[in-house]
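1. I would like the atomic coordinates for the input below:
(one chain, ligands or ions: 1)
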Amino acid sequence: MRTPVIAGNWKMNLLPAQAAALVNELKPLCAGANCDVVLCAPYINLPAAMAAAAGSNIKIGAQNCHWATEGAFTGEVSANMLRDIGVEYVLTGHSERRTLFGDTNETVRDRTRAGLDAGLTVILCVGEVLQERQQGITYEVVRLQTKVALEGVSAEELQRVIIAYEPVWAIGTGLTATAEQANEANKWVRDCVAELYGQAAADALVVQYGGSMNAANAAELLAKPDVDGGLIGGASLKAADFAAIAGAA
Ligand code: 13P
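-> Numbering: from 1, shown residues only. Presented below is the predicted three-dimensional model:
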């Protein structure tokens, strides 16, 4: 049995005090959730979010990390720095990093490596753009992203990897993948991991769906056998909505 993980990705939203206030609002609402609850905050909001979440079941994550431990990388933040302040999770390969900030399958692999080396749990994001879905190559795209990112990741380290399938055309568009589409792609991810690590490891892997998941559609998506949680953007900024999604898990 996999424990579902409901993770919020706040993206570039909220000031530190607002982040703390949202965590404080969520704490009682998520206290009874039958899932792991993670909030991925902008770097500058991490201390405030962690302080607010202390003693609760809410875990805090970052939205990216650099692949090097230190060095001349102006404007970047290392996974070690995140770990040092108490961050437990990090996203890698979010489509906005890929499309807007030049992340490639190889840099996503290296960021994933850095996150694992620092002791973080990595939420690795994969997913096709609309054109790729229309061309019928979603399977190939998702497999390539998954395989390259996991290069060099040991079976033991895989236990600290979550994969989020996020079709890019469904992100921030209000256009959700159908539960069948989400389950199909999540299964492709799991099958790919089974090829690499064996069926038992793949069966233990948490594979989330992300893309316009909200309080209204979460239950149907989460009811699918290969959808083990969600990565939530817009709806994670509203306490009641996010808590409802966690409640549906
Ligand atoms: P939305 O839920 O706003 O579509 O964003 C999904 C996402 O990108 C989560 O990482």
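2. Leaving out sequence neighbours, find the closest residue to whichever residue of the chain sits closest to the ligand.
-> Using Cβ to the nearest ligand atom, the closest approach of the chain to the ligand is made by G233 at 2.2 Å. All C-beta atoms are positioned from the backbone trio N, CA, C, and that covers glycine. Distances taken as Cβ to Cβ, 6 or more residues apart in numbering put N9 closest to G233, at 5.2 Å, once the chain neighbours are dropped.
3. how close does that neighbour sit to F242?
-> Distance of N9 to F242, given as Cβ to Cβ, to the nearest Å: 11 Å.
4. now do I60
-> Separation of I60 from F242 (Cβ to Cβ) stands at 14 Å.
5. Over to A48?
-> Distance from A48 to F242, counting by Cβ to Cβ: 17 Å.
6. Between those two, which has more neighbouring residues?
-> The neighbour comparison of A48 against F242 (other Cβ atoms under 10 Å) goes to F242, with 28 against 20.
7. if I pick that one, what's in contact with it?
-> Going by Cβ atoms under 8 Å, 6 or more residues apart in numbering, F242 touches 6, 8, 26, 29-30, 232, 235-236.
8. okay, now the residue nearest to G233: neighbour count?
-> As a burial measure, N9 scores 26 neighbours (other Cβ under 10 Å).
9. What of E195?
-> E195 has 13 neighbours, counted by other Cβ under 10 Å.
10. Report the secondary structure element holding it.
-> If you go by DSSP states H and E, E195 is part of helix 179-197.
11. ok, residues contacting whichever helix or strand comes after that helix?
-> Next helix or strand after helix 179-197 toward the C-terminus (DSSP H and E): helix 199-204. Helix 199-204 is contacted by residues 2, 155, 158-159, 190-191, 193-194 when judged by Cβ under 8 Å, 6+ apart.
12. Could you count how many residues lie near the residue lying closest to A185 once chain neighbours are set aside?
-> Nearest residue to A185, sequence neighbours excluded (Cβ to Cβ, 6+ apart): Y165, at 4.8 Å. If you count neighbours by other Cβ under 10 Å, Y165 ends up with 33.
13. Y165 against E184, yeah?
-> No - using Cβ atoms under 8 Å, Y165 makes no contact with E184, being 9.6 Å away.
14. Give me the helices and strands touching the helix or strand where T107 lies, please.
-> Following DSSP H and E, one finds T107 within helix 105-117. Here helix 105-117 touches helix 79-84, strand 89-92, strand 121-126, helix 138-149, going by 3 or more Cβ pairs under 8 Å, 6 or more residues apart in numbering; DSSP states H and E.
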